[in-house]
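> Let's see this in three dimensions:
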Amino acid sequence: MTAPQTESRIASAEDLAAFNQSFGKASSSEVIAGVARAFPGRIAVVSSFGTQSAVLLDLVARVDRTLPIIFLDTGWIFPETLAYRDALIDRLGLTNVSSVTPDMDELETEDPDGRLWATDGGRCCYLRKVAPLARALEGLDAWITGRKRFQTDSRAALPLFEIAEQRLKINPLAGWSKYDLDTYFGSRNLPRHPLEAEGFASIGCMPCTARTLEGKDDHSGRWQESDKTECGIHLPVPSIAAE
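Residues are numbered from 1 along each chain as shown. Next up is the predicted model:
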């Protein structure tokens with residue numbers, strides 16, 4: 001499988017079509033390997049180290065353990081998630097995981113008492129996730145996510161490749177089902193996030209994460225007291241910054 005050659009950021013529909021043509025029927029591992037070759041030194045994986053993250057991280061480790069992985073440490077991360085992150089890094093032999101944190105001056109100005117999540121969830125997510133990720137992605141031409149179509153209605157049409165902020169965004173697990181994930185966990189004997197056994201199917205920041213509602217999608221435990229369905233890192237930055 002030959003990856004399209006790039007020298008600068010993906011910026012056109014033609015470039016996007018080239019990747020779809022090259023990898024439209026490729027396995028997730030082939031997609032990861034292909035984009036890693038296409039963007040040497042200019043690509044990263046973004047992972048929450050959540051309940052399903054081990055699958056993507058294991059696939060990445062089997063391709064290249066040195067591939068950069070970005071973890072957004074918002075200051076509100078569950079201790080169990082931090083421990084799980086460290087355990088997966090050790091288990092998978094990942095050698096290039098960086099924790100990205102919010103700008104402390106911005107937090108001191110806009111969220112001095114740590115209660116912004118209760119009054120303006122969109123702005124809180126922007127300060128703690130969207131803006132830090134934007135800074136971490138500077139100088140990169142592509143990034144890999146762990147999103148899947150089955151997770152929420154808004155992701156039902158999630159493509160394998162998309163363009164966001166003039167970068168290629170790759171979703172190698174887009175077509176995976178919950179059964180596919182569970183099967184992979186078992187076949188690779190991957191450890192589960194400790195909070196999953198307590199009813200948390202999707203885990204984000206502590207103030208905005210609850211147990212998954214019975215009969216609802218995996219993200220139903222997120223932002224239960226609001227109409228939010230995404231933290232914002234997968235939405236156009238201007239629409240979040242304006243909140």
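> Neighbouring strands - and their directions - for the helix or strand hosting residue 45?
Using DSSP states H and E, residue 45 sits in strand 43-46. Note on strand 43-46: by DSSP bridges, its sheet partners are strand 69-72 (parallel), strand 142-144 (parallel).
> how about the ones you listed in CSV, adding mean neighbour count, distance to residue 31 and mean pLDDT?
For every residue, glycine as well, the C-beta is placed using N, CA and C. Shown next, in CSV, are these (neighbours: other Cβ atoms under 10 Å; distance: least, Cβ to Cβ, whole Å; pLDDT from 0 to 100):
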stretch, mean neighbour count, distance to residue 31, mean pLDDT
strand 69-72, 23, 16, 97
strand 142-144, 24, 9, 94
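> Reformat those strands as a markdown table; add distance to residue 121.
Shown next, in a markdown table, are those (distance: least, Cβ to Cβ, whole Å):
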| stretch | distance to residue 121 |
| --- | --- |
| strand 69-72 | 16 |
| strand 142-144 | 24 |
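> all helices for this protein, in order.
For the chain, the helices defined by DSSP state H cover 13-23, 28-38, 53-63, 79-92, 104-110, 116-119, 121-125, 131-136, 178-188, 237-241.
> mind checking how far residue 117 is from residue 207?
Separation of residue 117 from residue 207 (Cβ to Cβ, to the nearest Å): 5 Å.
> When these two are compared, which one has more neighbours?
Between residue 117 and residue 207, residue 117 has the larger neighbour count (other Cβ atoms under 10 Å), namely 20 against 16.
> shouldn't that one be in contact with residue 209?
No. Using Cβ atoms under 8 Å, residue 117 is not in contact with residue 209; the gap is 10.7 Å.
> what residue ranges in this structure score low on pLDDT?
1-11, 152, 154-155, 215-232, 234-243 (pLDDT under 70).
> Okay, buried residues for stretch 185-199 please.
185, 190, 193, 194, 195, 196 (16 or more other Cβ atoms under 10 Å).
> cool, and stretch 159-171?
In stretch 159-171, counting by 16+ other Cβ under 10 Å, buried: 160, 161, 162, 163, 164, 167, 168, 169, 170, 171.
> for that stretch, how far is the first residue from the last?
Start and end residues of stretch 159-171 are separated by 7 Å (Cα to Cα, to the nearest Å).
> so how far is it off the chain centroid?
Averaged C-alpha coordinates place stretch 159-171 at 12 Å from its chain's average position (Cα atoms, centre = their mean, to the nearest Å).
> do stretch 112-123 as well
For stretch 112-123, the distance to the chain centre is 22 Å (Cα atoms, centre = their mean).
> gap between stretch 13-32 and the chain center?
On Cα atoms, centre = their mean, the centre of stretch 13-32 falls 19 Å from that of its chain.
> Same check on stretch 181-190?
19 Å.
> Bridged to residue 170, which residues?
residue 144, residue 161.
> quick one: it and residue 141, what's the gap?
The spacing between residue 170 and residue 141, counted by Cβ to Cβ, is 11 Å.
> swap in residue 163?
Residue 163 sits 11 Å away from residue 141, going by Cβ to Cβ.
> so residue 209 makes contact with residue 201?
No. With contacts counted by Cβ under 8 Å, residue 209 stays clear of residue 201, the gap being 10.2 Å.
> and the residue nearest to residue 64 when sequence neighbours are not counted, what does it touch?
In space, and not counting its chain neighbours, residue 64 is closest to residue 36: 5.7 Å by Cβ to Cβ, 6 or more residues apart in numbering. Residue 36 makes contact with 43, 63, 64, 67 under the criterion Cβ atoms under 8 Å, 6 or more residues apart in numbering.
> Same list, the buried residues of stretch 159-171, but as TSV with distance to residue 128 please.
Shown next, in TSV, are the buried residues of stretch 159-171 (distance: Cβ to Cβ, whole Å):
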residue	distance to residue 128
160	29
161	28
162	24
163	25
164	19
167	21
168	25
169	20
170	24
171	23
